[in-house]
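1. got a structure for you, letters missing:
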Ligand SMILES: Nc1ncnc2c1ncn2[C@@H]1O[C@H](COP(=O)(O)OP(=O)(O)OP(=O)(O)O)[C@@H](O)[C@H]1O
Ligand SMILES: Nc1ncnc2c1ncn2[C@@H]1O[C@H](COP(=O)(O)OP(=O)(O)OP(=O)(O)O)[C@@H](O)[C@H]1O
Ligand SMILES: [Mg+2]
Ligand SMILES: [Mg+2]
């Protein structure tokens, strides 16, 4: 006997673009021109569906038939979660649980947390496929390494993958926002627009080698290479606020003035802003993410800022998709969710006093039962 | 003191190297900024020194720091009025954690490596169980002042560091310090000479917890709430203490040297950054230097002993 | 002298039985394991599941195999009075070495296995040399080596790399009846280590050096060689775990070791099994029990869908409580 | 058979051995004597491959050898019983005996062969109280010494070194050892024998080499020397009388008294200690002498009975009640080896939180040589270490001071100093209890002697009692 999944297609990411020296370094191994082009196109495309429910919208959907999965309720949904080890996943996980609670036909919801361990998630998926689930939702910890496990589950149960993908198209649907290129490009374009030519940009990244983050930077690199800005530094911060602050202070000290800050994730944006404040300098144009602490800082300190997002409302979609599949309704093969950008104009709508500082504004959870207490907020 | 000499030579060398790369470094503002940045680790190393010299380990300080910052944020929730009571609570919590570590280690005879590893798991689990996985609330500006602000040109953290250093040196000069080292050198002999070994060790753990609380206040103040403020700090603190020539296993080394070890580590990070060695190579360089420094310390130890004996 | 010393004498019971019962903490961990299984069975029954179902048993074995292999290696170094904090990064490194050399081709498997063994043995040798020749405390030495490996990983790899041929994935996924191949691999590693410790000179000397290095040296044991050998064996175990993980992941991953927390968890499993952290006392049987205990605990947590924070709290409490009980037993006997 | 010539060795720049020659021929017992720190053990450790000499040569059977590791010396036929016990408490007797040389069959250790060989060795030593499978942890110190001897014998060596093998043995066990040594020499084995107990030397040795300050003073036929000459050679001066005179005045008030004291190992202990008096305690190994001292001190308290001024339940209570204990095992229980003399001497005062006396005067008073407070204690000789332990207690001026084997492993010169100090303390009004396995010392120093047997006081003897009387009480069944 073997629990081994079937063969998996592994696509090596490739591609690079030449660049004259803009200080941005070599292009990432993860850069794929076709994906980049597709995401750039999607940013301009109009999503289908009701704008009130962005988590049900999709861009350029190619529907697949799901009649073969149709069965009568009640349903037992299963979920293999990569981890709940950061605020983004926390907000998302709570949102997903609230979504599940909305549907009476889901009588059982089994979720296993892999705690960020690939090997545990492989075992978890194997365990869940043996538990009689009607549909399996997977949020993979890493793309390549979870592929065999997902391929193994596909023949036994309809699989819905979201957030990170897997290198097989056996899941019924793959749900994601537009993607990392769109995030990185939005922030870079904002800086190119706001920072005067020749301005010095500091790029802050969390870690090398994480696909979703690599794509963000590679899109920004493409944009900066075409601009007349100078990227004076690309630094890794480990997502640590203290380190971020130190790095930014060092750059202010070394270059006297920094004209713009690009970030691949917003968690440490406030620390970067504070570094300028502590140095007694005006805060230059900067990007963050949709976390409350940054939005509040933005509004309080009247920053020139922008916040591209990687919306947490995508955690609602897999549950909705699972029910659609089990009811035999069509779902997009790749479910591209809209990925809004918070700008000065719409900042007020996303600023939610009473929510915790690390809460993500685009949780799509405001109308879910239990809001805001379940998300740690006060009304 | 003589034993601690090498670390000061290394530290001076690193500072000179930094100054060569960045001439402004030795000017007061830049140097104070460096000391300010180093302050939390130095304080933590001072606390860890007490535990190590008494013959134990404290692996729980990193997650204690995270827990303290997260607790502070949730309890203060941006309110100025809550700041001082919460600060007091954080101190009490640090002491209490140390008390539990110390009691379990000394009375239940669990090796401190395991006691504090368990405490690490318990603290990091419990704190997020309480807040539902991510920090909530916010630190007040008053709280942040200690880590961010300054008194005239001198940052508060530098002043606090100076006070902590003075207190640590006094504690080691006092009878307590001597009995602590006695317990670390030979706990049976110390006990048979009337030293309350369990008590002084427990106090050492409490000092370590206290230092973690102070470091948490400074780190939270410096950079704000985050779920990973304390990550890896326990290993950095132990590394710093060992760099300072303090023997793991207890009984040997000075607190000043331990703090110098922390400064050295911080200077090393700064230097690596300055020379553009960051990202991938950084940990490797760090690893080589730590092994080399400790190995050299071990090799040159006999010569120093001979010098002391002649 | 005979009349005044009323010693409790061992008598002439079979030596095997005597040795098993001399290894008291190991027995304690199996008692705890049995109790936990009963508890798990009850909880599952209340929940409408079956604890001793095939899936669950397979799951427990799959979950514990990699940690189990590392922990067996860790037992050897801890018994020798040392410690290895570099195993987690080494696992990542070897998983990558394996997957990259295999590059999806069946032909690459022998070369990859050889390379992994060579790389891990080298790392073990370096650890051992730093600990013995440079006299750096194992805690610092292996932490430093871990940082160096981490640097190499960060420098070279941005994410999962290489790929493992299908034939090699049998190791990670196949099973013979209810027993996964990976569990058999673990059993083989544990059995070899047990044989090594209880029946070979090296094993005897590992206990001797861990018990008192000076005494061992004065008795004519080349202590440095023993410590180095223990480190090499421990690293080789980590390498084997890296191979196993590569076969499960289908690729090598630069974070698989650290994400799994194999450094501290393996130490936790070893001490849970009753091996003294100071060295010289304990054994592989206890470690196997310790790993199984953690795995069963995990399986129960999974069934109850306890969140990972609560798990950490329980693990921490179990660890400290177990060691407190061992310490008590040692004092009263 | 063995010839060591011009052996020199320095530790950390301190010259410990300086051009020492030593030889031994087959069937001879060659004793090496000298004060603490004279370099006896170091010389033997060089022979055993523990240390490498800085200069000099070693020849065995005319072939020059150089040992880099103890195993090489073993292979060349040198066996050594170290001064310190070198056993693993968590392993069995057999495993200890064959440590480093386990017999193998088809690659695996042959337990059966190992155990039967150990069993034979033990019975050849007349040892029946324990077997090859017992854990060493469960053996008494004397039994462990037997294991050490078995270990050395198992090597089938041609040169056997015994570094103070009798320090932990009781008298009748010492007799057994003598027989054994004679049996070895009978087989043509050369025995190098080190002891501070001079009667033993004269009993056994054919030749005697005297070391002083790392250099050889002389080598002579044992029959050509007498005790006084030997002591003069060792110390470099005449030691007129072994023991300082007893106090002239009768003992003063009762400083400590016990009625019916008992615990797990002790039963119905009645005793009074008076100011100015030295009370000796005799008994066989395991008779409970150490337990008695620890019970009086509060380290392993009495659980029943009455004691004045108070019955201490902990060490601190004992110290608070004015009781001090000079422990049997200096290194494990008495000293902080890595700390300075000063920190050791002041430890009790610091722990008790009392005022600290001037350290220099104190070190002079205990005649520490040189009286330097900043020396690390582990670098001191055994005698000097013991003086530091004494200084430690003198800082708090205890009413009662308990001495457990105060001169074990201490050379004659330092012994005399310690004896004088004990007398001085008694004269100043301290009550002293002294445990010693050396009966001449006990008889020479004590104002009266209590004899322990099986945890009970078997009887009391006045000053000047004979050794026979003491032994009779101690061993009577
Ligand atoms: N490993 C060592 N490192 C440093 N000094 C040492 C070492 N071993 C011995 N010494 C010193 O060498 C000198 C000789 O010591 P050794 O043990 O040979 O004396 P000994 O004659 O055996 O004395 P004792 O009668 O007390 O056993 C002493 O001053 C001792 O402190
Ligand atoms: N019946 C016994 N079984 C096991 N161990 C024993 C027994 N009797 C004594 N011992 C051990 O032997 C050692 C010597 O015992 P104890 O200290 O009471 O003797 P003592 O009279 O003080 O002799 P000494 O001071 O010469 O060692 C102790 O470690 C004790 O635990
Ligand atoms: Mg000696
Ligand atoms: Mg005794």
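-> Thanks, I have the structure now. Model, not experiment: these values are computed from the prediction. Numbering: from 1, shown residues only, chains lettered A, B, ... in the order given. Ligands and ions are numbered 1, 2, ... in the order given.
2. alpha carbons only for contacts and neighbour counts from here, please
-> OK.
3. can stretch D:325-333 be found next to ligand 1?
-> No - using Cα under 6 Å from any ligand atom, stretch D:325-333 stays clear of ligand 1, with a minimum separation of 11.8 Å.
4. state the mean pLDDT of that stretch.
-> For stretch D:325-333, mean pLDDT rounds to 89.
5. that stretch and chain B in contact?
-> Yes - using Cα under 8 Å from any Cα of the partner chain, a contact is recorded between stretch D:325-333 and chain B, made by D:325, D:332, D:333.
6. which of those lies closest to ligand 1?
-> Taking Cα to the nearest ligand atom as the measure, ligand 1 lies nearest residue D:332 of the residues of stretch D:325-333 next to chain B, at 15.4 Å.
7. any idea how far residue D:401 is from that closest one?
-> As judged by Cα to Cα, to the nearest Å, residue D:332 and residue D:401 stand 19 Å apart.
8. quick revisit: list buried residues within the residues of stretch D:325-333 next to chain B.
-> Among these, those classed as buried by 16 or more other Cα atoms under 10 Å in any protein chain shown are D:325, D:333.
9. just the ones in strands from the residues of stretch D:325-333 next to chain B, please.
-> If you go by DSSP state E, the residues of stretch D:325-333 next to chain B have residue D:325 in strands.
10. would you confirm that residue B:116 contacts residue B:60?
-> Yes - counting by Cα atoms under 8 Å, residue B:116 does reach residue B:60; the two are 5.0 Å apart.
11. residues touching the closest residue to chain D within the stretch 151-300 of chain C, list them.
-> Using Cα to the nearest Cα, the closest approach of the stretch 151-300 of chain C to chain D is made by residue C:220 at 4.1 Å. With contact set as Cα atoms under 8 Å, 6 or more residues apart in numbering or on different chains, residue C:220 has these partners: D:69, D:70, D:71, D:72, D:74, D:99, D:100, D:101.
12. same check on residue D:435?
-> Counted by Cα under 8 Å, 6+ apart, residue D:435 has contacts D:280, D:281, D:282, D:289, D:290, D:403, D:404, D:405, D:406, D:442.
13. derive a ChimeraX selection command for the buried subset of those.
-> A single ChimeraX command is used to select the members of the contacts of residue D:435 judged buried by 16+ other Cα under 10 Å:
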select /D:280,281,282,289,290,403,404,405,406,442
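14. format the contacts of residue D:435 as a markdown table; extra columns: distance to ligand 2.
-> Shown next, in a markdown table, are the contacts of residue D:435 (distance: Cα to the nearest ligand atom, whole Å):
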| residue | distance to ligand 2 |
| --- | --- |
| D:280 | 13 |
| D:281 | 9 |
| D:282 | 8 |
| D:289 | 4 |
| D:290 | 3 |
| D:403 | 11 |
| D:404 | 7 |
| D:405 | 7 |
| D:406 | 11 |
| D:442 | 13 |
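15. next, count neighbours for the single nearest residue of the stretch 101-250 of chain C relative to ligand 1.
-> The stretch 101-250 of chain C approaches ligand 1 most closely through residue C:214 (11.6 Å), counting by Cα to the nearest ligand atom. By other Cα atoms under 10 Å in any protein chain shown, 16 other residues sit near residue C:214.
16. how about residues contacting the host helix or strand of it?
-> Secondary structure from DSSP states H and E places residue C:214 in helix C:213-218. Contact with helix C:213-218 is made by C:205, C:208, C:209, C:222, C:223, D:50, D:70, D:86, D:87, D:88, D:99, D:100, as judged by Cα under 8 Å, 6+ apart.
17. redo that, cut-off 10 Å
-> Residues from elsewhere that reach helix C:213-218 (Cα atoms under 10 Å, 6 or more residues apart in numbering or on different chains): C:80-81, C:205-210, C:219-224, C:227, C:280, D:45, D:48-50, D:69-71, D:80-82, D:84-88, D:96, D:99-100.
18. separation between the residue lying closest to residue A:311 once chain neighbours are set aside and residue A:53?
-> Leaving aside its chain neighbours, residue A:311 sits nearest to residue A:362 (5.2 Å; criterion: Cα to Cα, 6 or more residues apart in numbering or on different chains). Residue A:362 is 11 Å from residue A:53, where distance means Cα to Cα.
19. what of residue D:110?
-> Applying Cα to Cα to residue D:110 and residue A:53 gives a distance of 77 Å.
20. and the two? Which one has more around it.
-> Taking other Cα under 10 Å, residue D:110 and residue A:53 do not tie; residue D:110 has more neighbours (16 against 10).
21. quick check: closest non-adjacent residue to that one.
-> Per Cα to Cα, 6+ apart, closest to residue D:110 is residue D:104, 5.1 Å.
22. what does the pLDDT read for the one you found?
-> Per the predicted model, pLDDT is 89 at residue D:104.
23. can I assume it is in contact with residue C:199?
-> Yes - counting by Cα atoms under 10 Å, residue C:199 is a contact partner of residue D:104 at 9.0 Å.
24. what touches both of those two?
-> Taking Cα under 10 Å, 6+ apart as the contact criterion, the residues that touch both residue D:104 and residue C:199 are D:110, D:111.
25. can you give the domain ranges for chain D?
-> Here the domain parsing of chain D from automatic domain parsing is D:2-235, D:254-475.
26. pLDDT below threshold where in the stretch 101-250 of chain A?
-> The model of the stretch 101-250 of chain A has pLDDT under 70 over residues A:209.
27. where does residue B:141 land on pLDDT?
-> Per-residue confidence at residue B:141 stands at 89 (pLDDT).
28. ok, it - contacts?
-> For residue B:141, the contact set (Cα under 10 Å, 6+ apart) comprises B:78, B:79, B:80, B:83, B:148, B:149, B:221, B:224.
29. 7 Å - rerun?
-> Residue B:141 makes no contacts at all, as judged by Cα atoms under 7 Å, 6 or more residues apart in numbering or on different chains.
30. same deal with residue A:357?
-> So residue A:357 contacts A:291, A:292, A:293, B:136, B:137, B:138 (Cα under 7 Å, 6+ apart).
31. closest one to residue C:97 out of the residues you listed, please.
-> residue A:291 (39.2 Å; Cα to Cα).
32. which residue comes closest to that closest one once chain neighbours are left out?
-> Using Cα to Cα, 6+ apart, the closest residue to residue A:291 is residue A:360 (4.5 Å).
33. count the residues that sit near that neighbour.
-> 30.
34. okay, residue D:378 and chain B: tell me how far apart.
-> Counting by Cα to the nearest Cα, to the nearest Å, the separation of residue D:378 from chain B is 11 Å.
35. how about the nearest residue to residue D:333, chain neighbours excluded?
-> Excluding the flanking residues, the one nearest residue D:333 by Cα to Cα, 6+ apart is residue B:189, at 4.1 Å.
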